[in-house]
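Undergrad: build the 3D model from these lines:
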Amino acid sequence: MEMTYRSSKLLDTDDAMNLVAFIEEASDQGMVLKNVLEAILREDDHVPAEVMRMGIVCAVIVATKVDSHVVVEELQSRKLTPTVTPEMEVMARELLQFAMIPWHPVHGTNYLYAQWNIAGDIEEACQELRRYLEALGGPDFHRICPSNSESSNSDYSSVFLPGRELVESERFRIRQLASNLRAIEIESFNESKDDFWYSDFIFERQTCEFVGGAIVDGCRLLIDDIFDDLKLLDAIGGSVASARPEDFKFLDGLPWRFSASYDSRFVRKFVVVATEMARSLTRDDCISCTSIAVDFVLRSLSWKVESLIQAYAGLDEVGSQAIAQRVSRELCQSEERRDLWELSRSSSHYQISRLIPFVSDGFDGPPRLIRPDQWFLTFDSSENSSPYLLH
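TA: This is a model prediction of the structure:
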């Protein structure tokens, strides 16, 4: 069989070549490949795009060593002499199969696939990955597990763009709800405070009233979503882990690594939290993140409000971002609050950041994971929680 020299679009990036250069300089190249592959295949929440790219680089190197007829131009002049074990072949095959699907029931979401989907590059990327899979003797997972590409990045940021008459009607309806918002002053949406990027934005009174009404309407929509998720869980039995994240409306925003804990009783607790939060917003109560569960509800509410702003507020993109950021601030979702990000951190990103000097996941130390049964307990032990949340 003749050697086929082909270029690789997947490896033709600075990040890929930086990793190849790092592997070249390593005293044990095989160990670097194994550690990167292992870190990704031990992921239990999501794999960032840059991490999956590194995994693909390592898997491709393994494939070229297993089958000498697979020649990648970008690697031809490189001094790559790793010792490849049968275990590494299996790991490389599993990683390439994971790279070709948007979501895995164990490892969670593949964000590189989502990028390919947006760019329209899925077929081209998977066609290249198939060559390496064939060299490793593995099946084409992209064909075995067809998926709905639209669901690979499903979240509250997806905005339905209605017609003009409906926009004006909804804008008026939502603005009328502003009088029900008591916990946040309407004028606060015109206060820049620590708003570094959007400090010059001043909005009309009607726009601020719309945003206030959107918070009230967002509470209704969010509670409906939680009830819909509960209905689905009751129908399928078990937990979220037995379904797919995109099947849910609220629960898909929770960390996948704990999905086996998201059963009907767990979701009912969120109904209580969301209802209490909605009641607080329509009273003269102070809004604060009293627990991790409250934090999740407020974050989801801020996403809901942002979607309503984008769809009905009549602002341009920058204006929508500016006022949505102020909504997040008033709902206690500042950049300094990193509790929720900790729970959703990618373990593979952290592990690889310890292996490769030029990789960083933006955190100091390993992920600080708190069990879901602790999410409903108040941060301040002197504060009371609903009795329903204590068991």
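Undergrad: quick check, residue 165 in a helix?
TA: Yes - Residue 165: assigned to a helix according to DSSP: H, G, I helix; E, B strand; the rest coil.
Undergrad: quick one: contacts for it?
TA: Contact analysis of residue 165 by C-beta atoms under 8 Å, 6 or more residues apart in numbering lists nothing. No exception for glycine: its C-beta is placed from N, CA and C like everyone else's.
Undergrad: where does pLDDT dip in the stretch 201-350 of the chain?
TA: Scanning the stretch 201-350 of the chain for pLDDT under 70 picks out 334-339.
Undergrad: try 80
TA: For the stretch 201-350 of the chain, the stretches with pLDDT under 80 are 284-286, 333-341.
Undergrad: which residues in the stretch 101-250 of the chain form strands?
TA: 103-104, 108-110 (DSSP state E, counting those that start in this stretch).
Undergrad: for those strands, which one ends up most surrounded?
TA: Stretch with highest mean neighbour count among those: strand 108-110 (a mean of 24; mean count of other C-beta atoms under 10 Å).
Undergrad: quick one, what contacts residue 110?
TA: 46-47, 52, 98-99, 101-104, 152.
Undergrad: distance of it relative to residue 99?
TA: Separation of residue 110 from residue 99 (C-beta to C-beta, to the nearest Å): 7 Å.
Undergrad: quick one: common contacting residues for those two?
TA: Jointly contacting residue 110 and residue 99 under the rule C-beta under 8 Å, 6+ apart are residue 52.
Undergrad: which other helices and strands contact the longest helix along the chain?
TA: Longest helix in the chain, counting residues (DSSP state H): helix 205-236. If you count contacts as 3 or more C-beta pairs under 8 Å, 6 or more residues apart in numbering; DSSP states H and E, helix 205-236 packs onto helix 164-176, helix 264-281, helix 292-312, helix 317-330.
Undergrad: which of the residues in the second one are classified as buried?
TA: So the one you mean is helix 264-281. For helix 264-281, a neighbour-count test (16 or more other C-beta atoms under 10 Å) marks 266-274, 276-278, 280-281 as buried.
Undergrad: and the contacts of it?
TA: Against helix 264-281 from outside (C-beta under 8 Å, 6+ apart): 181-184, 215-216, 219-220, 222-223, 226-227, 229-230, 233-234, 239, 250-251, 285, 287, 291, 293-294, 296-298, 301, 372, 376, 386, 388-389.
Undergrad: hang on, residue 71 is in a strand, isn't it?
TA: Yes - assigned with three-state DSSP, residue 71 falls within a strand.
Undergrad: burial of it, as a residue count?
TA: The local packing of residue 71 (other C-beta atoms under 10 Å) involves 13 other residues.
Undergrad: swap in the one 3 residues further on?
TA: For residue 74, the tally of surrounding residues (other C-beta under 10 Å) stands at 19.
Undergrad: do the same with residue 236
TA: Using other C-beta under 10 Å, residue 236 has 11 other residues around it.
Undergrad: correct me, but it touches residue 248?
TA: No - applying C-beta atoms under 8 Å, one finds residue 236 not in contact with residue 248, separated by 10.7 Å.
Undergrad: residues contacting the closest residue to residue 189 other than its chain neighbours?
TA: Among residues not flanking residue 189 along the chain, residue 208 sits closest, at 4.4 Å (C-beta to C-beta, 6 or more residues apart in numbering). Counting by C-beta under 8 Å, 6+ apart, residue 208 touches 186-187, 189-190.
Undergrad: in PyMOL, how would I select just the buried ones from those?
TA: To isolate the buried ones among those in PyMOL, judged by 16+ other C-beta under 10 Å, type:
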select buried, resi 186+189+190
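Undergrad: and which of the contacts of residue 208 is nearest to residue 126?
TA: residue 189 (45.1 Å; C-beta to C-beta).
Undergrad: tell me the contacts of that closest one?
TA: Here residue 189 is in contact with 203, 207-208, 211-212, 323, 326-327, 330 (criterion: C-beta under 8 Å, 6+ apart).
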